[in-house]
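**Q** sequence first, then the predicted structure:
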Amino acid sequence: MHPLLHIRDEVQLALDQDRPVVALESTLIAHGMPWPQNLETGRLLESRIRDKGAVPATVAVLNGSLRVGLDAEELEQLARSGTDALKVSRRDLPFALAEKRMGATTVAGTLMAAHLAGISVFATGGIGGVHRGWQQSLDISADLPELARSPVAVVCAGAKSILDLPATREQLETYGIPVCGYRTDAFPAFYTRDSGLGVDARVDDPAQWARAFRAQRMLATMGAPHARPNTRNYGGMLVVQPVPAEHEAEAERIEAATRLALEEAEKKAIGGKALTPFLLARIAALTDGASLQSNVRLAENNAILGAQLAVALSKLEGWEEGA
């Protein structure tokens, strides 16, 4: 094992035995929710993955290594640290590791770790994307190019509703990232079930999805005899499913809270990687916690689906990791 990469024994054993593993990000825990709900949610997601027959692998940076899989004590330590933990994307990893900082990995950081560890499925709440006002700020999340370069399936409830969703959808197409709707034809808007945008394809069961994901992997190995061997020039897939209907937030209320939170952020000159945590916290406050409850339930729903997809992938006849 590389000195900067530490895979928990339970996770490594599952990978060695070709058993299903699901990666989880940690910014949801450190930056996305308040204590102690963040710890309760982190434990809930891991529990739901185990219930469905897969092994959870929460990713974080601790003690100078990129950790793939946390024990109970490490998960609590991260949750208690809250926003004191560094928010770690790809660009932040060298400094977080060299300085032995505690870090919570974003979608991009977790994607990178999952790929390095050999994990094929990653469940999260919502991905980052193109921010509103991008024409002036050029603020586009590192999640998108990382998804384009990491051969990992990301299960989510679409992109966060604070974003410019049509522009995000266009960027996904530009990067060649397939957007697969799980039992839906609509691209979800995180807290709400339908953004008014579509998906590239729909699947209605995990086995159907596994066949499509295997085909995506196999395409990377195709080529004429003179083609460069062992190419890995392929990316991941986005699997979207809407928040459960009973936990959907009111769209107009979310949009009003988002606009107000964006105005506050502009007045306070909050931007960069601090923007999303600020907006999510303010929207939660402005909606009296309704958005936070939706966030917990959709993350739980995605963890369950992530485990089901990982199990289907591990059972697929002829599947070989890296194919």
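**A** All right, it came through fine. Residues are numbered from 1 along each chain as shown.
**Q** rest of the way, CA atoms for contacts and neighbours
**A** Will do.
**Q** pLDDT score for the spatially most central residue of the chain?
**A** The centroid of the chain falls nearest to residue 124 when counting by CA atoms, centre = their mean (3.7 Å). On pLDDT, residue 124 comes in at 97.
**Q** who's in contact with the nearest residue to it once chain neighbours are set aside?
**A** Distance criterion CA to CA, 6 or more residues apart in numbering; nearest residue to residue 124, sequence neighbours excluded, is residue 156 at 5.3 Å. Listed by CA atoms under 8 Å, 6 or more residues apart in numbering, the contact partners of residue 156 are 123, 124, 125, 126, 127, 238, 239, 240, 241, 299, 302.
**Q** partners of residue 156 in the sheet?
**A** Taking DSSP bridges as the rule, residue 156 bridges to residue 240.
**Q** what residue ranges in the protein score low on pLDDT?
**A** Where the chain drops to pLDDT under 70, the residues are 1, 221-233, 317-323.
**Q** for it, what's the longest helix?
**A** helix 290-315 (DSSP state H).
**Q** sorry, back to before: state the distance from the residue nearest to residue 124 to residue 100.
**A** Separation of residue 156 from residue 100 (CA to CA, to the nearest Å) stands at 30 Å.
**Q** next: residue 272.
**A** Distance from residue 272 to residue 100, by CA to CA: 23 Å.
**Q** more crowded one of those two?
**A** More crowded of residue 272 and residue 100, by other CA atoms under 10 Å: residue 100, with 14 against 11.
**Q** tell me the SS of that one?
**A** Under the three-state scheme (DSSP: H, G, I helix; E, B strand; the rest coil), residue 100 adopts coil.
**Q** residues in contact with it?
**A** By CA under 8 Å, 6+ apart, the residues touching residue 100 are 62, 63, 64, 65.
**Q** weed out the non-buried ones from these.
**A** Among the contacts of residue 100, those buried by neighbour count (16 or more other CA atoms under 10 Å) are 62, 64, 65.
**Q** need the residues you listed in a markdown table (columns: secondary structure).
**A** What follows is these, written out as a markdown table (three-state DSSP):
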| residue | secondary structure |
| --- | --- |
| 62 | strand |
| 64 | coil |
| 65 | strand |
